[in-house]
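# Below is the sequence, then the predicted model.
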Amino acid sequence: MADPQTVPLAQLVGAVLGSLAEARRLGDLETARLREEYRKSEALAELTVPAFQIADVDIELRFAVAGAPDGQGGDPRGVAVITDPKALREFQPHQVSSMKLRLAPLTLHAGSNDET
């Protein structure tokens, strides 16, 4: 088997979070577009506008550590992982780690300076 491709763990988690944020943004844009369409239509004006929401999302990432910085002071952003399912089957079970992420929505309005 060829050497499996690795990815920095921080980049992987960041990509998942970024993808969810983009999905939320696209849902918000579609809701805004539909709202305008409903306002302009006499037949639709009294109806509820469909809205999209991403509620709690549970994600489990399975990976094998391919490389990590040396020493205790190593930068954790330097941890490289293998995530390809075929490649993971080649590892012993104790060599495969998992990380569970639970993402919950946080309400933050675009015009708000509120940091909470």
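Alright, I've got the coordinates. Residues are numbered from 1 along each chain as shown.
# For the rest of this, base every contact and every neighbour count on C-alpha atoms.
Noted.
# tell me the mean pLDDT over the biggest helix by length in the chain?
In the chain, taking DSSP state H as the definition, the longest helix is helix 9-40. Throughout helix 9-40, pLDDT has a mean value of 93.
# Pull out the buried residues from it.
Neighbour-count burial for helix 9-40, with 16 or more other Cα atoms under 10 Å as criterion, is recorded at 9, 24, 27, 31, 35, 38.
# could these go into JSON lines alongside distance to T48?
As requested, these are exported to JSON lines (distance: Cα to Cα, whole Å):
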{"residue": "L9", "distance to T48": "42"}
{"residue": "R24", "distance to T48": "20"}
{"residue": "G27", "distance to T48": "16"}
{"residue": "T31", "distance to T48": "11"}
{"residue": "R35", "distance to T48": "9"}
{"residue": "Y38", "distance to T48": "9"}
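# any idea which of those is closest to E60?
Nearest to E60 out of those is L9 (Cα to Cα; 13.3 Å).
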